[in-house]
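Novice: got a sequence here, can you model it:
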Amino acid sequence: MKFITLLFFLIHISSSYAEELFGYLELPVSAEIVSSTGEPTFSKETEIVREGEFSEKFMLGHGDCGKGEDGYSDCNMDRGRVERRTDYVNRHKAFYTFSIYVPKDFNPTRFTSIAQAKIKKVRPPVWMFGLAEDGMGGIFLNLEFNTIGRKCKRIYPISKMYDKWTDIDFFVSYKNKYDPQVGKSLATLWINKKRVKVPCFNKNVLKNVISKKEVGQFKSKAVNFKYGIYHSYVSRWLYIENIKAGYKADVKGWIDKTGKGKSGSSKSYTNEPWKIDWKLKMPLKTLYFDRIKISDKMPDYLK
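Specialist: Have a look, this model is predicted:
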């Protein structure tokens, strides 16, 4: 298995054109190669572009995993990813803008994270967008607020995202205060410049976006932003799909005691799925991103 570096660092986000963001990338420590194709996990794309001359192409294959500078490794935590991320910034609020292009053959393998924000030294993301199966044959854009255990399911069907650009704008008040630009809402979502009604955004349900336990941590450590392709607890999908294919892996089970939010620990089949010679492999995932921007002001096209 080829060992890869999983994170790309981005010092500033001030422009919505992908080519201007490339100048802030640090050089990868080792080769970033998709194990199933030999192609780069992260590259410029000039044919599928939302704005400017090129977009950002992410690819993740079976066994692609790596570790961060702190020594944390997805390879032995039942995960895989390729992401870019910003530095941590002390934000009271933020408008996040990004566009995503989803190929029609995209398989979320239950759930694939595409964008999230994290507090430094706090394991669960504050919020996380993902493409997820709904258990009834459908795939939808989902949103989770992990430190408060809140999930917003079936927000937008992936069928409307296939082979086209989808523009996403997302507002979050990290201090749990209303913003006059948005109204009485701590989190607001726009898709293709149209405000989307999401049940769990109702003020009687979503009273805060960060748990009280994490508020003090946020005041001192601030928040970052990450986007790309990230799948966790991949052994769940691999084990079940391989059973269907006639192969039963010899696994002992694993409990991730650093699981997310209120759920605490999480169970899966193994913490080292990439060491098993599965009959059926994890399918290749490809996504394209463009128009990445973070601001404390609402974009003019949303007003």
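
Novice: can you give me the mean pLDDT across stretch 217-227?
Specialist: Stretch 217-227 carries an average pLDDT of 81.

Novice: mind listing what's buried in stretch 79-90?
Specialist: Neighbour counts using 16 or more other CB atoms under 10 Å place 79-86 of stretch 79-90 among the buried residues. Where you see a C-beta, it was placed from the backbone N, CA and C, and this is true even at glycine.

Novice: kindly reformat these as JSON lines containing distance to S232.
Specialist: JSON lines is the format used below for the buried residues of stretch 79-90 (distance: CB to CB, whole Å):
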{"residue": "R79", "distance to S232": "5"}
{"residue": "G80", "distance to S232": "8"}
{"residue": "R81", "distance to S232": "8"}
{"residue": "V82", "distance to S232": "14"}
{"residue": "E83", "distance to S232": "12"}
{"residue": "R84", "distance to S232": "18"}
{"residue": "R85", "distance to S232": "16"}
{"residue": "T86", "distance to S232": "21"}
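
Novice: quick check, nearest of those to S99?
Specialist: S99 has its nearest neighbour among these in R84, at 14.5 Å by CB to CB.

Novice: and the longest strand seen in the chain, what's buried?
Specialist: Longest strand in the chain by number of residues (criterion: DSSP state E): strand 285-295. Neighbour counts using 16+ other CB under 10 Å place 285-294 of strand 285-295 among the buried residues.

Novice: circling back to that earlier point, closest to D277 among the buried residues of stretch 79-90?
Specialist: G80 (16.6 Å).

Novice: need the pLDDT of E83.
Specialist: Looking at E83, its pLDDT reads 86.

Novice: what helix or strand does it sit in?
Specialist: Assigned by DSSP states H and E, E83 belongs to strand 79-86.

Novice: quick check: neighbours of that strand in the sheet, parallel or antiparallel?
Specialist: In the sheet, strand 79-86 lines up against strand 7-10 (parallel), strand 226-232 (antiparallel) (DSSP bridges).

Novice: I'm done for today, thanks for sticking with me.
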